[in-house]
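**Student:** sequence isn't available, so here's the structure alone:
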């Protein structure tokens, strides 16, 4: 996919909408997980999606189990490793 194609632009614009969808799901007590890297042809066949539609992301949504809801979150980087202040690598801390 070329960066300058309308399809590439549309794929990039999908994530803000997907993010808002997932935030609203969370507000309603639902868990969500965006997925990329899926087998598009298998998804198309399983869900009978016509070829004229693109599939930039799939979002799984459901009610979390009590065990999952109580589990400690893992895999998060400390905020200081994810953000820099002014220049790359300069320590940042929330005010």
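**Tutor:** Structure received. This structure is a prediction, so every number in the text was calculated from the model and none was measured.
**Student:** after the one helix or strand residue 19 maps to, next one along is what?
**Tutor:** Assigned by DSSP states H and E, residue 19 falls within helix 6-27. Later in the chain than helix 6-27, the nearest helix or strand by DSSP H and E is strand 31-35.
**Student:** from the chain's centre, how far out does the helix or strand just after that following strand sit?
**Tutor:** Using DSSP H and E, the helix or strand that directly follows strand 31-35 along the chain is helix 40-47. Per C-alpha atoms, centre = their mean, to the nearest Å, the displacement of helix 40-47 from the mean C-alpha position of its chain is 20 Å.
**Student:** repeat that for stretch 84-95.
**Tutor:** 25 Å.
**Student:** next one: stretch 77-95
**Tutor:** For stretch 77-95, the distance to the chain centre is 22 Å (C-alpha atoms, centre = their mean).
**Student:** just stretch 23-36 next, same as before
**Tutor:** 9 Å.
**Student:** likewise stretch 15-24?
**Tutor:** With C-alpha atoms, centre = their mean, you get 8 Å for stretch 15-24.
**Student:** may I see the buried residues of it?
**Tutor:** Neighbour-count burial for stretch 15-24 flags 18, 22 (criterion: 16 or more other C-beta atoms under 10 Å). Glycine gets a C-beta too; all of them are placed from N, C-alpha and C.
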